[in-house]
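Engineer: just coords:
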């Protein structure tokens, strides 16, 4: 036999995956291996996750003898590495029991005697569906924003506060929650908090014109709108929906910081994003949780994410994010990095009183807003030792890309690549 490879699916697919695997292994029209010639190993548990009794029970129910099901430690039954939500985790490995003598009473698939020949494994990816799931490198600085540096623990606590506060206010699965916030860590925490509550988020850029914001407000039928003082500073009129406004600081005062238990499926709505409106009124586009998981999973076919994740250790990547939160590429910057253990620098386009000391600065002409913005990154967060991958949504005349390259050049940082989703050739993007 040669190794069949592995199937990697979310841990919530165990009830389908294990019976199907057993049928494939033993079925007369498939491999036809006698069930008494099969042994499996499952994760035996450690300080981060409990023993995988569910997988063991499913294998026994499918037809594997109980004495041929072995609980193994992490070094034997783990497919990693993983980020805060995966994509990898505990696996179940499948062996053929060969017709030869064992090496003693403690002989198991972990032995090197040759009695057990591994032919396949199933990986149960941990997508953080509940509090028992994996959090790796929780003290790692994963986000740098204008309001500070944040570890996974920091972000998870903020997101849980928001999620639990929303749940107490009656949020249910697939309810829609909009946010209009300053460009800092609260945006990231709000996105994950809304998702953890089972709702779908709608990102709105506070710099957008009033009429565009009003259209998104009326068209989306959001249950709540999370705001901060940027609404007043920008002079936005939200009086028509005053009963639906939630202050981000009040949400962050929620005392419950535990991971909420919400049963979200891959088919549930995750976020609603609006087009630029260049061909008429902005149109809402719906994306589901399964879409996001597929989008940011580091499969070789997801070239940008794959290269980012697999070169992280040797290149020490950081993702420099300047894309507006209202464009879908921001989700790749955010989730493609944070969900795969890659730090993100959340850059602002205007100077903040919270950015101390010297900064790198570049002026960028904005086609969308019809003006000139400034990209600013504190020198504390970008240095000559950093390797930067620049990801942007649209390439019009290259102003934003040139600005980002200028900032990296000022820092002496190494630009390892630039990823653009769409080139607007009619505006010179293809030149």
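Structural biologist: Yes, it's here. The structure presented is a predicted model; accordingly, all values stated were derived computationally and were not measured.

Engineer: Next, the buried residues of stretch 375-389.
Structural biologist: 375, 376, 377, 378, 381, 382, 386, 387, 388, 389 (16 or more other C-beta atoms under 10 Å). Every C-beta, even on glycine, is put in place using the N, C-alpha and C of the backbone.

Engineer: Which stretches in this protein count as helices?
Structural biologist: 14-26, 53-62, 152-168, 185-196, 210-220, 230-233, 248-251, 289-296, 303-310, 312-315, 329-338, 399-411 (DSSP state H).

Engineer: how much does the longest one deviate in direction from helix 329-338?
Structural biologist: To tie it back to what came earlier, the one meant is helix 152-168. 130 degrees (axes from the mean of the first three to the mean of the last three C-alpha atoms, to 10 degrees).

Engineer: for helix 152-168, packing partners?
Structural biologist: Packing contacts for helix 152-168, counted by 3 or more C-beta pairs under 8 Å, 6 or more residues apart in numbering; DSSP states H and E, involve strand 141-145, helix 185-196, helix 248-251.

Engineer: Can you list the strands that the first one pairs with?
Structural biologist: The one in question is strand 141-145. Using DSSP bridges, the strands paired with strand 141-145 are strand 148-151 (antiparallel), strand 344-346 (parallel).

Engineer: so where is the protein shaky, pLDDT-wise?
Structural biologist: 1-13, 48, 78-89, 124-137, 276-280, 311-315, 348-357, 366-371, 393-397, 421-431 (pLDDT under 70).

Engineer: mind redoing it with 50?
Structural biologist: Applying pLDDT under 50 to the chain flags residues 1-3, 82-87, 126-135, 351, 353, 426, 429-430.

Engineer: what's the most buried one of the strands paired with strand 141-145?
Structural biologist: strand 344-346 (a mean of 23; mean count of other C-beta atoms under 10 Å).

Engineer: Pull the residues that contact it.
Structural biologist: 142-146, 183-185, 187-188, 318-321, 333-334, 337-338, 377, 381-382 (C-beta atoms under 8 Å, 6 or more residues apart in numbering).

Engineer: In CSV, list the strands paired with strand 141-145 along with distance to residue 69.
Structural biologist: As requested, those are exported to CSV (distance: least, C-beta to C-beta, whole Å):
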stretch, distance to residue 69
strand 148-151, 38
strand 344-346, 41
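
Engineer: looking at these, which is closest to residue 218?
Structural biologist: strand 344-346 (29.1 Å; C-beta to C-beta).

Engineer: any idea how far residue 289 lies from residue 307?
Structural biologist: To residue 307, residue 289 is 24 Å away according to C-beta to C-beta, to the nearest Å.

Engineer: what's the burial count for residue 103?
Structural biologist: Using other C-beta atoms under 10 Å, residue 103 is surrounded by 13 other residues.

Engineer: Count the neighbours of the closest residue in space to it that isn't next to it in sequence for me.
Structural biologist: Computed as C-beta to C-beta, 6 or more residues apart in numbering, the closest residue to residue 103 that is not its neighbour in sequence is residue 113, at 3.8 Å. Neighbour count for residue 113, taken as other C-beta under 10 Å: 13.

Engineer: OK, contacts around residue 113?
Structural biologist: So residue 113 contacts 102, 103, 107 (C-beta under 8 Å, 6+ apart).

Engineer: quick revisit: for residue 72, find the nearest of the helices of the chain.
Structural biologist: Short answer: helix 53-62, nearest of the helices of the chain by C-beta to C-beta, at 11.1 Å.

Engineer: which residues touch residue 400?
Structural biologist: Applying C-beta under 8 Å, 6+ apart to residue 400 gives the contacts 322, 364, 366, 375, 392.

Engineer: From those, list the buried ones, please.
Structural biologist: Listed as buried from these are 322, 364, 375, 392; burial here means 16+ other C-beta under 10 Å.

Engineer: how much space is there between residue 387 and residue 342?
Structural biologist: Residue 387 is 11 Å from residue 342, by C-beta to C-beta.

Engineer: Now the common contact residues for the two.
Structural biologist: 317, 318.

Engineer: what's the span of stretch 248-264, first residue to last?
Structural biologist: End-to-end distance for stretch 248-264: 24 Å, by C-alpha to C-alpha, to the nearest Å.

Engineer: Identify each buried residue in it, please.
Structural biologist: 248, 251, 252, 254, 259, 260, 262, 264.

Engineer: got the contact list for it?
Structural biologist: Applying C-beta under 8 Å, 6+ apart, the contact partners of stretch 248-264 are 128-131, 156-158, 160-168, 173, 179, 181, 186, 189-190, 193, 195-198, 226-228, 289.

Engineer: again, 7 Å this time
Structural biologist: Identification of contacts with stretch 248-264 by C-beta atoms under 7 Å, 6 or more residues apart in numbering yields 130-131, 157-158, 160-165, 167, 173, 181, 186, 190, 196-198, 226-228, 289.
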